[in-house]
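In: Just need the structure, nothing else, for what follows:
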Amino acid sequence: MNNDRRKRIQAIMDDLTAIMDRIEEIKDEEQQYADDMPDNLQDSQKHETAEETASLIGDAYDQAQEAHSTLESAKDNGK
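Out: Next up is the predicted model:
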């Protein structure tokens, strides 16, 4: 792999890191929203939906992290 492609992959990895930070922030906010619900809503559909949403956002974070790791491997492999 030449330097230009390596630099372009690094730029994508940097973008992914920023995106992962934003995803994590939203996931944490959604989880906090669920955690802060009053006791009478803890067993409600609203609470369940918030928990599921936080989990799905966490899955998106994990997938972005995997993409980042895969790109890093590709970049390192091209040395």
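In: immediately after the helix or strand that contains Ala18, which helix or strand?
Out: If you go by DSSP states H and E, Ala18 is part of helix 3-35. Reading on from helix 3-35 to the C-terminus, the next helix or strand found by DSSP H and E is helix 45-77.
In: gap between that following helix and the chain center?
Out: With Cα atoms, centre = their mean, to the nearest Å as the basis, helix 45-77 stands 4 Å off its chain's centre.
In: got it, and stretch 10-23?
Out: Worked out by Cα atoms, centre = their mean, stretch 10-23 lies 9 Å from the chain centre.
In: Repeat that for stretch 4-13.
Out: Here the centre of stretch 4-13 is set off from its chain's centre by 20 Å, with Cα atoms, centre = their mean.
In: got it, and stretch 20-29?
Out: When distances are taken as Cα atoms, centre = their mean, stretch 20-29 is centred 7 Å away from the chain's centroid.
In: Pull the residues that contact that stretch.
Out: 54, 57-58, 60-61, 64-65, 68 (Cβ atoms under 8 Å, 6 or more residues apart in numbering). To be clear about C-beta, it is placed using only N, CA and C from the backbone, and glycine gets the same treatment.
In: Relative to Leu41, which of these is nearest.
Out: Closest to Leu41 out of the contacts of stretch 20-29 is Ala54 (15.2 Å), distances taken as Cβ to Cβ.
In: list the contacts for that closest one?
Out: 27, 30-31, 34.
In: is it possible to export the residues you listed to TSV including pLDDT?
Out: Below are those laid out as TSV (pLDDT from 0 to 100):
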residue	pLDDT
Lys27	98
Glu30	97
Gln31	97
Ala34	96
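In: want to throw those residues into a markdown table with distance to His47 and neighbour count?
Out: As requested, the contacts of Ala54 are arranged in a markdown table below (distance: Cβ to Cβ, whole Å; neighbours: other Cβ atoms under 10 Å):
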| residue | distance to His47 | neighbour count |
| --- | --- | --- |
| Lys27 | 16 | 19 |
| Glu30 | 11 | 20 |
| Gln31 | 11 | 17 |
| Ala34 | 6 | 20 |
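In: Many thanks, I have nothing further to ask.
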